[in-house]
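Engineer: This is a predicted model, with the sequence first.
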Amino acid sequence: MRTRVRLFREQIAQRAGAILDLDASHLADAISDPPSQELGDLSLPCFQLAGPLKKAPAAIATQLAAAQWDFPWIEGVDTAGPYLNFKLRRDHFARLALERVEQGGEQWGAGQSGAGKRVLVEYSSPNIAKHLAVHHLRSTMLGQAMANLLRCAGHEVISWNHLGDWGTGFGKLLACWDQFRDTDNLDDPPLESREDPVSDLNALYVQFNQASESDPQLDSLARDWFRKLESGDPHAVERWQRIRSVSLDKFDTIYQRLGVHFDETVGESHYQDAMLEMVDQLKGAGILEQSDGADVVRLSEEIPPMLIRKQDGATLYGTRDLASAVLRHQMFPFDRCLYVVDAGQGLHFRQVFGVLKLLGYSWADQLEHAEFGVMRLQVDGAWKKGKTRGGQVVLLEDVLEQSVQLASDKVRAKNPDLDDDQVAQISEAVGVGAVIFSDMKSARRKDVNFDLDKILSFDGETGPYLQYTHVRFCSILRKASPLKLVSGGGERLVEAEELVLLKRILRFPEVIARAARDAEPSHLSQYLLELAGEFNTYYAQHRVISDDAQLSGDRLALVEALRRTLGRGLKLLCVQPLERM
RNA sequence: GUCCCCGUAGCUCAGCUGGAUAGAGCAUCGGAUUCCUAAUCCGGAGGUCGCAGGUUCGAAUCCUGCCGGGGACGCCA
């Protein structure tokens, strides 16, 4: 049992210090839960006091146990060797937990750790004219959850989508437009009125690459088109914008399903001028050096130089990231800026941050690469990153559809009384929730194997498990609502399993603060799984609604507090809490 | 070769700022449904916490080295 309740720690440490006549405020951090409930509810290990007091830890524990602990919330004090164990008054504890949730209202769990601080979070950042694939799930969902968590912890959050909308690839697409008019004329039917314009663009793109192998002319044509685009040729720009626009529309429909929202969507195309200015700035600062005909900035011994301009004078994406960081800080002076990008780009970001620091930007230290591990797919029985055997990516849309379809079968089987609309709504939430949660369950740095079978099993530590638990809460509350039972403030919540749940509830704000601080949504995922597990254990042993009206009232209050905690937590992770499933 | 990340049960992972017998899920074996949804719960079996040192009263947790896996290392993003 790792649950710690921060609430009482300071008071215990302070009192211990007073009894022993020394400063013991640092002991608050050492106070934790005993390994078993028989020993007590909170525990102070006395090892650290042995040095300054020149006494054995066990003797100190004994001395402390003999002193006055006249807090209203302490029921008893005892020792177990060098440990001083406290038994808490459960009614007091219960009242406190229920009050906290009640007072929190819609904001339950919110904190002030981020008050007055602004955080910019960059995530998702897909390339236009392509589909969102499963591997985009990581950055997109981790980033959105981080934004939600940071906001909940009191920060002002700017969510930022750094769109890949520039590069020679678009020259190819523009070349296709004229060159492959016979195979697919993008003006007839016009791109905008097509059912799936992005797939059509992809098809053309693939065809272009195949054709260019035997016809090198095509590549130079593509370069010409990109030059036109760069120089602002109206014809090229107009077509590029249409491609961009249909792509964004497509992204938005999926973002909406996933509960993803951006405050700012700024494409790489936006930094054309800023990149040139950045190069000048680097020159002016005297840190731009020639190396093999290219321009680089040398950093420390450990980090290789950052390449700024190629031999042909063209800038690279790193230069774009430099310019983008400066722009972001101008637009939204931040206290922290997260880049939710895969771990493979670790060096790149160290270089970017390093160069900004060389340029004298004090806020360079506030930039943070919130890296995550790669997503691997199963290919011929082995886990590999990137693509399937055929070389094609697995589309996010398709995965969501499969998951929703499977959920639908299950929902319908379990709830024959629901109409089609309700089934559709519930299966959407369950199917999408399963996919989302699977991605946020473990620490972000770990590589994940995208195991669709496992995700679709809906068993064990999954999104549907949490949703099911939430449904149980709702089901109990629904059944009890006509009874109009009133809670007596929780004084009847004296079962061991109830104390476990009350402690769990009280920790909620701390978990959110920690998850926000570490940019680690899995802290919350793990917490919610533990909450659900503890409740389901409780549920199997105790009835909430019984003939005892007072007891029922208190237990219902507990269930309501749990429902609000789990519901809030799920929403922060972009998983929809349900009332039925 | 240099740098970064990872290494805990057969598999996938928790274990927060070091604290009392290392925990879940999956898989496996055995149980639970007159009762608030069994998408659940209970029990069994399963671990030299990669290895070796070090710091400490105490190390899965901190430090160093080694081994193993993954990734990155100038003209892609």
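Structural biologist: That came in fine, so what should we check first?

Engineer: For the closest residue to RNA strand B within chain A, which three-state class applies?
Structural biologist: For chain A and RNA strand B, the shortest gap (CB to the nearest atom of the strand) falls at residue A:460, measuring 2.2 Å. Every residue, glycine included, has its C-beta placed from N, CA and C. At residue A:460, secondary structure determined by DSSP: H, G, I helix; E, B strand; the rest coil is coil.

Engineer: Next, it: phi, psi?
Structural biologist: Dihedral angles of residue A:460 (phi, psi; degrees, to the nearest 10) stand at phi 70, psi -140.

Engineer: where's it relative to residue A:156, distance?
Structural biologist: 37 Å (CB to CB, to the nearest Å).

Engineer: what does residue A:472 give?
Structural biologist: Distance, residue A:472 to residue A:156, using CB to CB: 36 Å.

Engineer: So which of these two has more stuff around it?
Structural biologist: residue A:472 (20 against 16; other CB atoms under 10 Å).

Engineer: Can you tell me how far the residue lying closest to that one once chain neighbours are set aside is from residue A:558?
Structural biologist: With sequence-adjacent residues excluded and distances taken as CB to CB, 6 or more residues apart in numbering, residue A:472 is closest to residue A:539, at 6.6 Å. According to CB to CB, residue A:539 and residue A:558 sit 11 Å apart.

Engineer: same check, this time on residue A:235
Structural biologist: From residue A:235 over to residue A:558 the distance is 67 Å, taken as CB to CB.

Engineer: neighbour-wise, which of those two wins?
Structural biologist: Legend: neighbour count by other CB under 10 Å for residue A:235 and residue A:558, higher for residue A:558 (26 against 13).

Engineer: Spell out which parts of the stretch 1-150 of chain A neighbour RNA strand B.
Structural biologist: A:2, A:4, A:29-30, A:32, A:34-36, A:39-40, A:43, A:45, A:47-48, A:50-51, A:57, A:80-83, A:85, A:127 (CB under 7 Å from any atom of the strand).

Engineer: Which strand or helix spans the residue nearest to residue A:472?
Structural biologist: When secondary structure is defined by DSSP states H and E, residue A:539 falls within helix A:521-541.

Engineer: The very next helix or strand once past that helix and RNA strand B in contact?
Structural biologist: Where DSSP H and E defines the elements, the next helix or strand beyond helix A:521-541 is helix A:549-572. No: under the criterion of CB under 7 Å from any atom of the strand, helix A:549-572 makes no contact with RNA strand B; the nearest approach is 7.9 Å.

Engineer: Please identify the buried residues of helix A:549-572?
Structural biologist: A:551-570, A:572 (16 or more other CB atoms under 10 Å).

Engineer: quick one on the thing from earlier: number of nearby residues for the residue of chain A closest to RNA strand B?
Structural biologist: 9.

Engineer: Over to residue A:217?
Structural biologist: Around residue A:217 there are 11 residues (other CB under 10 Å).

Engineer: ok, back up a step: what does the helix holding residue A:539 contact?
Structural biologist: A:142, A:145-146, A:149, A:437, A:440-444, A:461, A:465-466, A:469, A:472-473, A:495, A:497-498, A:500-501, A:504-505, A:507-508, A:511-512, A:514-515, A:562, A:565-566, A:569-570, A:572-573 (CB atoms under 8 Å, 6 or more residues apart in numbering).

Engineer: Any of the residues you listed buried? List them.
Structural biologist: A:142, A:145-146, A:149, A:437, A:440-441, A:444, A:461, A:465-466, A:469, A:472-473, A:497-498, A:500-501, A:504-505, A:507-508, A:511-512, A:514-515, A:562, A:565-566, A:569-570, A:572-573.

Engineer: Now do residue A:480 against residue A:51, distance only.
Structural biologist: 55 Å.

Engineer: Now for residue A:176, how many residues are close by?
Structural biologist: Residue A:176 has 24 nearby residues by other CB under 10 Å.

Engineer: Figure out how far the strand or helix carrying residue A:207 is from the centre of its chain.
Structural biologist: Per DSSP H and E: residue A:207 is located in helix A:197-214. Its chain's C-alpha centre and that of helix A:197-214 lie 35 Å apart, by CA atoms, centre = their mean, to the nearest Å.

Engineer: is RNA strand B contacted by it?
Structural biologist: No: if you take CB under 7 Å from any atom of the strand as the test, helix A:197-214 misses RNA strand B, and the best it gets is 13.8 Å.

Engineer: Beyond that helix, next helix or strand please.
Structural biologist: helix A:217-230.

Engineer: any chance you could map the strands in chain A?
Structural biologist: Remark: strands assigned in chain A by DSSP state E are A:42-45, A:74-80, A:83-88, A:118-122, A:156-163, A:264-267, A:288-291, A:294-297, A:306-309, A:336-339, A:367-369, A:375-379, A:382-385, A:448-449.

Engineer: Run me through the strand neighbours of the fifth one, direction for each.
Structural biologist: Using DSSP bridges, strand A:156-163 pairs in its sheet with strand A:118-122 (parallel), strand A:264-267 (parallel).

Engineer: Out of those strands, which is the most enclosed?
Structural biologist: Counting by mean count of other CB atoms under 10 Å, strand A:118-122 has the highest mean neighbour count of these, with a mean of 25.

Engineer: Wait, residue A:456 touches residue A:405, no?
Structural biologist: No: counting by CB atoms under 8 Å, residue A:405 is not a contact partner of residue A:456; they are 9.4 Å apart.

Engineer: okay, those two: which has more neighbours?
Structural biologist: Ranked by neighbour count (other CB under 10 Å), residue A:456 and residue A:405 place residue A:456 first, with 21 against 13.

Engineer: What residue, apart from its backbone neighbours, is nearest residue A:268 spatially?
Structural biologist: That would be residue A:166: by CB to CB, 6+ apart, it lies 4.2 Å from residue A:268.

Engineer: Repeat that for residue A:243.
Structural biologist: With sequence-adjacent residues excluded and distances taken as CB to CB, 6+ apart, residue A:243 is closest to residue A:129, at 5.4 Å.

Engineer: how close does the one you found get to residue A:165?
Structural biologist: Distance, residue A:129 to residue A:165, by CB to CB: 9 Å.
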